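Colleague: got a structure for you, letters missing:
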C-alpha cells in the first residue's frame, strides 16, 4: 500500500471530516486467459454513477477479504469465483468515503455474467477504451502496465489525454 492515500476530487468537502474511519472493500480483478480484464460501471444512485471500476464491495462484520469478494461477485455479477489471489492494497480518499481497497486477482470463475445492479461491463486491455474511469481504478491500470511492460496511456478522458498528476479529480495527498 502506498504511504499516502490517493485523493479523488481534492477540492470537495469530505463527509465525516478528516478523521473518518476507512471502509474495507474487496475488489475482484478478473483476468481472462487472453489478458483482458473485467470492468463494470457503477450503478445509478451510487456515488460516481457511470464510472468504470473493478467489481467488488464492502466487507461485512467478520468477513475476510476473500469471503466478501465471493459474496459480492455472486450478488453483483452472478458468478462463483475460484481462488482469489491477494494482490495489492490501495487507500483512496473520496469525498463520500475513505476506502481501503483490497485488490485480488481472479483467474477462475463459473457462471455467465449477469449485471444484477443494472450496470454495464466490458472486457478491456490497456489502454482501456471505456470512460470515465473511477479514481480507485487508476492504480490497477498502472500496475498492469508495469507487469505487462505497457508504455503509454493506460486510460483516456473525453479529450483523449491521460489524466496528469495535477488534475483536480485525482491527486496524492501531500
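Modeller: Structure's in. What do you need? Bear in mind the structure is a predicted one, so any value in this text is a computation, not a measurement.

Colleague: bridged to the closest residue to residue 66 other than its chain neighbours, which residues?
Modeller: Leaving aside its chain neighbours, residue 66 sits nearest to residue 84 (4.8 Å; criterion: CB to CB, 6 or more residues apart in numbering). Every C-beta, even on glycine, is put in place using the N, C-alpha and C of the backbone. For residue 84, the beta-bridge partners are residue 106 (DSSP bridges).

Colleague: from residue 57, how far out is residue 84?
Modeller: 13 Å (CB to CB, to the nearest Å).

Colleague: then residue 143?
Modeller: 21 Å.

Colleague: likewise for residue 5?
Modeller: For residue 5 relative to residue 57 (CB to CB), the value is 19 Å.

Colleague: is the spatially closest residue to residue 154 that is not a sequence neighbour in a helix, a strand, or coil?
Modeller: Distances taken as CB to CB, 6+ apart place residue 141 nearest to residue 154, at 3.8 Å, with adjacent residues excluded. When classified by DSSP: H, G, I helix; E, B strand; the rest coil, residue 141 comes out as helix.

Colleague: from residue 34, how far off is residue 141?
Modeller: Distance of residue 141 to residue 34, given as CB to CB: 17 Å.

Colleague: which one's more surrounded, the two?
Modeller: Taking neighbours as other CB atoms under 10 Å, residue 141 and residue 34 compare with residue 141 leading, 20 against 7.

Colleague: these two touch, right, that one and residue 153?
Modeller: No. With contact defined as CB atoms under 8 Å, residue 141 does not count as touching residue 153 (9.2 Å).

Colleague: all good on my end, thank you.
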